[in-house]
Every structure is written in C-alpha cells, then in structure tokens.
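3D, please:
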Amino acid sequence: MPSTPLHDPDTRRRRTVAWVVSLATVGLIFDGYDLVVYGAVVSTFLDDPSHLGEVTPAVAGTLGSYALLGMMAGALLAGAFGDVLGRRKIMLISYAWFSVGMFVTALTTTTTAFGTLRFLTGLGIGALIATTATLVTEIAPPGKKNLYSAITYSGVPLGSLLGALLAILLLDAIGWRGLFMIGALPIVTLLPLAIVKMPESVQWLVVRGRIDEARAVSERTGIPLPDTATTPQQAQGEKVGFAALVRRGFVLSTLVVGAISALGQFLNYYLNTWLPVMMEQAGFNAKGSLAFLLVLSGGAILGAVAGSRCADRFGPKPVVAAGFAIGASFVALMTLDLPLPVLLFFVAVVGFGTTGTSILIYGLVATYFPTRMRGAAVAWAAGFGRLGGVSGPLLGGLFLAAGLGVDAVFHVLAALALLGVALTVLIPKPRRDTDDSGHSVDSEPTASEQPGDGHPIATVTR
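I've put the predicted structure just below:
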C-alpha cells in the first residue's frame, strides 16, 4: 500500500529537519541576546550604584569577562559528556540552564552575585553553542549540512542585533532587570517545544549501540539509519569524545581546528568590540561608527549562509580558507581613503571574512570528525575558540592604550586572517565514506580508513 504524504519518510524528515533547525536557531538567538545585553546595560551600573553597588570601569570589564569564561568551561564540559549523554539531552539541559541563569541574574543586588550568575549562565550558553552544530549536521540531509549549520549559527549575530534593538526600545521602560528576564523566556517557550519536537541523533544512537532506539527514532522522524555503524560490543571498546580526539591520526586535526576557531573568534570579538571606536578615530561620528557594526553583522550573516552553500558543494575546508583570505584582503583595504558607500561595502565583506568565517568553522568541524567524537570536536572548537573571544577585546584595549594607529591595527588583523588561511590548509584531507543515505561524504570515515582505528566497523542490517 503506497505511503500517504503524512507517513512518507521524506515528508517526516523534512518536518523533523525544519523543527530542529528552527528550534536550534531560536536557541542561539537567545544566546546572542545574552552576549550583548550586558554591554547594553553596563552604563546603567557605572552611573547608578543603587543597582549592584559601586561599579568601576575595571569591575565592569571583569564582570563582562565572566560570561565568556563560563562559555569556555561550558563548551568543554559539553565535549566531555555530549558524546556519552547524547546531543538532545545536552541541548535541553542548556536551554533550561541559561534561562534560569538569566532570570536569577535579574534578581541579584551585588556585583559578586551578578558575576557568579554571569559565569554560571555562560556554562549553559557554551554547552549549547558546542552541541548545536553536532545535532544539526547529523539531522540535516546530505548536501545541506553546512547550510543548515550556518543558518543555525547565524542566530547568534541575529540575537545580538535583537538585543541591541530591545535595549534601545525597552531599557527605560523595564530597566536592566526586565531585559535580563526577557532572556529567561526560553524556559516557557523554547524548552517545551524542544522536548516534544527535537529528537535524538539517529547516528549517535547507532554508534552507541542503541539500535532499537535508533530504529524507533528513525521511523518516527524519517531520519534514515546509517548503512554502517558499530555494534554494541564494539561501541563499548572504542574511544569516544575527547579521548578519541587525541588518538593517533586525529591529533593534528584537533590542534589545527582549535587554532583556527580561536583565530576566527578573535577577529569576531575584536571587530565587534572595537570597530566603532576605530571608526571614530578615523573621523566618523558616534552614530556613523555604530552603523559600521550593523553592516559588519549583516555581512557576516549573509556571507555565512552563501558560503555554506559553497561548502556543501566544494567542501568546507576550501571555503573557510577562502573566507580568511577574503577577510585579510578587505581588512587591509580598509586602510585606503575610500568613499563611504565603498567603505560600508568593504565592511560587509569583512563581516563575512571574519565573523561569517567563524560560523562556517563549526560546520567544517561537525562534518569532518566521525560521530563518536563529533560532539567533543565541536565542543573543543567552541571552547578553545573562546580563548580568542576573550583575548580579542583585551588586546584591543592594549592596542588603544599603546597608541597604535587604526591602519596599523588593520594590518595586524589582516596578518592574523592570513595565518588562518595557512592553518586551514594544514587540516589533513578527510577520508571518504558514505553517509546515512549512502552518499559519499567527508565527515564519517569508515573504521578501516579512519586514522588510528585498527578494526573494522560491523554492518548493522536494517
């Protein structure tokens, strides 16, 4: 009897992918909101000690770093447990964790409590950033894995833009506590939907030897079972997570993707923090310099989505390398005396070559490493990359204090982007294998071909 449209596997898969990508994107929109909401209210703390007590500029900078440190720790924790507990469970816990963190942060009355809650909230955000690409790429159909990863991670800059807009519109009306409470909305909106609509990864279930569960999820969602996977006995003996990343054959890849992620996040956070200041030093007024930041974010989103289509067609490695190269070229061109429309266009291209490229790196990592270590690999890239995110604003302040000119700073940033090109080229070529639909991909080497693996993967018959 032919399948009705409702029961057709392709229809179920499309609906599943749509739900997962939508929910994951909304989750990262709230993450992006969290990242900028502190910057939007810090002037309130500096001007009025009645909120948290006396907040000096030095204290404000320290408080701002706590969330980033929490994100780094959360990403690494997700890597340690994500390949064991599963992608879905980590994401659900993350939604609840950072929502509660934002709500409790809104109730704090001291800098100590505020800083502690910012760190704890960052744990949930980091875990979510480190896990989202893993689930999305394992759910997405062949040929669209990088695209859906880029769409999802574009939620971060979208959330940043949303946070800035809401702060402009609502800060006077609801205060800083109200803005933080908006960040808690996922626990009553996103989390209930995710519990119902977000499935576990079929690939992960099979690799963990939970074949019956994998078949049940596959039947319900339309996500096909992989053609090959480890049996339960082999899954118990194989290294997973971080332990697998440091095995022979993956060490170089692990180190290089960590380095390029740190470089991408450095460029991302440096420009998002200091570009307005640099443009003011170049002669633009305050409002005009903020316009450069909006153009930078817009270029990052559009460039990442467009670049992801190329990554699905030609592979993510050459696209990430090209992104860094484009970023280096156009950052260097920013030193020229150009008309404003041309300069804005260049900033948009720089947005792709820096922030947009940092988004594409998540897709590269998620499609490069095998399922049993994929969660740890993305978490490593996100966690180690956070070091670049923390050092970007810090180094910018040091450059400013040292009196380094705008042109000199642009040349330094261009050189770092060129270093990103060189490091990306160093990533070893992945082995070829077939994905869960039988299409040739670069993300899942067979056991006989995987570097460092010494035994074959057994076939699981459907």
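
what's in contact with the one helix or strand Val412 maps to?
Using DSSP states H and E, Val412 sits in helix 406-426. With CB atoms under 8 Å, 6 or more residues apart in numbering as the contact definition, helix 406-426 has outside contacts at 252, 256, 259-260, 263-264, 266-267, 270-271, 274, 278, 281-282, 317, 320-321, 324-325, 327-329, 331-332, 334-335, 353-354, 357, 399, 404. For every residue, glycine as well, the C-beta is placed using N, CA and C.

and the strands in this protein?
433-434, 440-441 (DSSP state E).

tell me the domain ranges of the chain?
Following the assignment in automatic domain parsing, the chain carries domains at 9-198, 244-428.

on that earlier part again, how far does the helix holding Val412 sit from the chain's center?
Offset of helix 406-426 from its chain centre (CA atoms, centre = their mean, to the nearest Å): 21 Å.

stretch 317-325 now?
17 Å.

mind telling me which of the domains of the chain the model trusts least?
Of all the domains of the chain, domain 244-428 carries the lowest average pLDDT, namely a mean of 86.

how many neighbouring residues does Pro318 have?
When neighbours are defined as other CB atoms under 10 Å, Pro318 has 13 of them.

distance check, it against Arg12.
As defined by CB to CB, to the nearest Å, Pro318 lies at a distance of 34 Å from Arg12.

hang on, Phe369 packs against Gly375?
No: counting by CB atoms under 8 Å, no contact exists between Phe369 and Gly375, whose distance comes to 9.0 Å.

those two: which is more packed in?
In terms of neighbours (other CB under 10 Å), Gly375 is the more surrounded of Phe369 and Gly375; the figures are 33 against 27.

now do the buried residues in the helix ranked longest in the chain.
In the chain, assigned by DSSP state H, the helix with the most residues is helix 9-47. Neighbour-count burial for helix 9-47, with 16 or more other CB atoms under 10 Å as criterion, is recorded at 12-13, 16-17, 19-42, 44-45.

stretch 187-205: end-to-end distance?
Here the two ends of stretch 187-205 are set 26 Å apart, with distance taken as CA to CA, to the nearest Å.

now what about that stretch, what contacts it?
By CB under 8 Å, 6+ apart, the residues outside stretch 187-205 that reach it are 16, 19-20, 23, 26-27, 30, 83, 86-89, 91-92, 95-96, 99-100, 103, 134-135, 138-139, 211, 213-214, 217-218, 220-221, 223-226, 229, 371, 375, 436.

what about the residues you listed, which are in helices?
When DSSP H defines the helices, the subset of the contacts of stretch 187-205 inside them is 16, 19-20, 23, 26-27, 30, 83, 87-89, 91-92, 95-96, 99-100, 103, 134-135, 138-139, 211, 213-214, 217-218, 220-221, 371, 375.

any idea how far Ala78 is from Ala18?
Between Ala78 and Ala18 the distance is 24 Å, computed by CB to CB.

turn the domains of the chain into TSV, columns for distance to Trp204.
Output for the domains of the chain, formatted as TSV (distance: least, CB to CB, whole Å):
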stretch	distance to Trp204
domain 9-198	6
domain 244-428	6
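
coming back round to it: please produce a ChimeraX select command covering the buried subset of the ones in helices among the contacts of stretch 187-205.
Those of the ones in helices among the contacts of stretch 187-205 that count as buried under 16+ other CB under 10 Å are selected in ChimeraX with:
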select :16,19,20,23,26,27,30,83,87,88,91,92,95,96,99,100,103,134,135,138,139,211,214,217,218,221,371,375
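
hmm, back to that, for Val206, which of the domains of the chain is the nearest?
In this view, the domains of the chain are compared for proximity to Val206 by CB to CB, and domain 244-428 is the closest at 8.0 Å.

same question for stretch 201-218, mean pLDDT?
Stretch 201-218 shows a mean pLDDT of 88 in the predicted model.

buried ones in it, by neighbour count?
201-211, 214-215, 217-218.

for stretch 107-122, same thing?
Of the residues in stretch 107-122, those with enough neighbours to count as buried (16+ other CB under 10 Å) are Thr108, Thr111, Phe114, Gly115, Thr116, Leu117, Arg118, Phe119, Leu120, Thr121, Gly122.

would you check which pair of those residues lies furthest apart?
Farthest apart among the buried residues of stretch 107-122 by CB to CB are Thr111 and Gly122. That separation is 16.2 Å.

residues in contact with Arg177?
When contacts are counted by CB under 8 Å, 6+ apart, Arg177 is found next to Ala106, Leu107.

how much space between it and Ala106?
Distance from Arg177 to Ala106, counting by CB to CB: 4 Å.

how about the closest residue in space to Phe103 that isn't next to it in sequence, what does it touch?
Nearest-residue entry for Phe103: Ala184, 3.7 Å, with adjacent residues in sequence omitted and distances by CB to CB, 6 or more residues apart in numbering. Residues near Ala184 by CB under 8 Å, 6+ apart: Ser99, Val100, Met102, Phe103, Ala106.

and stretch 174-193, what's buried?
Using 16+ other CB under 10 Å as the test for burial, stretch 174-193 gives Trp176, Leu179, Phe180, Met181, Ile182, Gly183, Ala184, Pro186, Ile187, Leu190, Leu191.

identify the residue nearest Leu28 in space, chain neighbours excluded?
For Leu28, the closest residue by CB to CB, 6+ apart turns out to be Gly155, at 3.4 Å.

that older thread, so which of the buried residues of stretch 107-122 are in helices?
Secondary structure of the buried residues of stretch 107-122 is defined by DSSP H; positions in helices are Thr111, Phe114, Gly115, Thr116, Leu117, Arg118, Phe119, Leu120, Thr121, Gly122.
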